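A.B. asks: Mind looking at a prediction? Sequence and model below.
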Amino acid sequence: MTRDLLGARWYEGLLEPKGGVRAAWVMVISTLVIAVGWFVFATGGTAYVYAHSIYVPILLAAMVFNVQGAILTALAAGLMLGPLMPLYVEQGIPQQTINWIYRTGFLTAVGAFAGVLFSALQAQLTRLRRLAFEDLETHLPNRLSLEADLRAAMSRGGVKHPDSGTYISSLCK
């Protein structure tokens with residue numbers, strides 16, 4: 001059994017992106033907002049159902065960057081589908097101002113709500129991880145934590161015993 005006990009190992013990188021991964025997510029989400037804007041324009045404007053595709057980058061931003069990222073993405077999405085996006089492209093009929101302002105506010109509220117949910121999920125996963133690998137009373141690492149640490153050390157080439165200089169290799173098999 002490893003630290004993947006909770007089945008969340010793949011998800012940890014999404015919830016806590018670092019460095020280049022953060023930059024990659026910013027690029028992916030920005031590209032998606034632009035692509036959805038182009039898609040909505042190409043399919044006839046905001047009067048059609050395709051405008052709802054904009055929720056995808058907002059939810060991704062909520063998952064990766066929590067509330068702040070979701071709100072920023074929702075505002076960008078609202079501007080993308082806002083003042084310059086026609087209601088009907090073929091007829092050149094523009095949207096009423098209240099339509100895109102309301103849409104932007106609604107997208108922002110949805111993004112904020114999703115960001116709060118993903119923040120709560122992240123906190124719960126952190127709590128479960130702590131409960132799985134620490135003694136509840138002493139908060140010291142438990143046997144499961146030791147096994148996981150030994151497995152990780154073995155995957156790096158073994159653990160050298162400090163007194164004898166021998167490698168511990170059979171404990172985790």
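C.D. replies: Looks like it arrived, so ask away. Computed from a predicted structure; not experimentally measured.
A.B. asks: ok now stretch 63-74, how far from the chain's centre?
C.D. replies: 9 Å (CA atoms, centre = their mean, to the nearest Å).
A.B. asks: buried sites along it?
C.D. replies: Along stretch 63-74, these residues count as buried under the neighbour rule (16 or more other CB atoms under 10 Å): 63, 64, 65, 66, 67, 69, 70, 71, 72, 73, 74. Quick note: C-beta positions are derived from backbone N, CA and C, even for glycine.
A.B. asks: Nearest to residue 152 among these?
C.D. replies: Of all those, residue 152 sits closest to residue 64, with 25.7 Å by CB to CB.
A.B. asks: What helices and strands are in contact with whichever strand or helix holds the closest one?
C.D. replies: Assigned by DSSP states H and E, residue 64 falls within helix 55-80. If you count contacts as 3 or more CB pairs under 8 Å, 6 or more residues apart in numbering; DSSP states H and E, helix 55-80 packs onto helix 9-15, helix 20-42, helix 97-133.
A.B. asks: Could you rerun that using 7 Å?
C.D. replies: Using 3 or more CB pairs under 7 Å, 6 or more residues apart in numbering; DSSP states H and E as the contact test, the elements touching helix 55-80 are helix 20-42, helix 97-133.
A.B. asks: Might you calculate how far it sits from the centre of the chain?
C.D. replies: So, by CA atoms, centre = their mean, the centroid of helix 55-80 is 11 Å from its chain's centroid.
A.B. asks: try stretch 73-93
C.D. replies: Distance, centroid of stretch 73-93 to centroid of chain: 26 Å (CA atoms, centre = their mean).
A.B. asks: export it as PDB, just CAs?
C.D. replies: Extracted in PDB, the C-alpha atoms of stretch 73-93 (Å, rounded to 0.1, in the frame of the first residue of the first chain):
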ATOM      1  CA  THR A  73     -11.400  33.100 -16.000                       C
ATOM      2  CA  ALA A  74     -15.100  33.900 -15.700                       C
ATOM      3  CA  LEU A  75     -14.400  37.600 -16.200                       C
ATOM      4  CA  ALA A  76     -12.300  36.900 -19.200                       C
ATOM      5  CA  ALA A  77     -15.000  34.500 -20.500                       C
ATOM      6  CA  GLY A  78     -17.600  37.100 -20.000                       C
ATOM      7  CA  LEU A  79     -15.600  39.600 -22.000                       C
ATOM      8  CA  MET A  80     -15.000  37.100 -24.700                       C
ATOM      9  CA  LEU A  81     -18.700  36.400 -25.100                       C
ATOM     10  CA  GLY A  82     -19.600  40.000 -24.200                       C
ATOM     11  CA  PRO A  83     -19.600  43.300 -25.900                       C
ATOM     12  CA  LEU A  84     -18.000  42.300 -29.200                       C
ATOM     13  CA  MET A  85     -19.800  38.900 -29.700                       C
ATOM     14  CA  PRO A  86     -23.000  39.300 -31.700                       C
ATOM     15  CA  LEU A  87     -26.300  37.700 -30.600                       C
ATOM     16  CA  TYR A  88     -26.800  36.500 -34.200                       C
ATOM     17  CA  VAL A  89     -23.600  36.600 -36.400                       C
ATOM     18  CA  GLU A  90     -25.300  36.300 -39.800                       C
ATOM     19  CA  GLN A  91     -27.700  39.100 -39.200                       C
ATOM     20  CA  GLY A  92     -25.100  41.200 -37.400                       C
ATOM     21  CA  ILE A  93     -27.500  41.700 -34.400                       C
END
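A.B. asks: Right, I'll leave it there.
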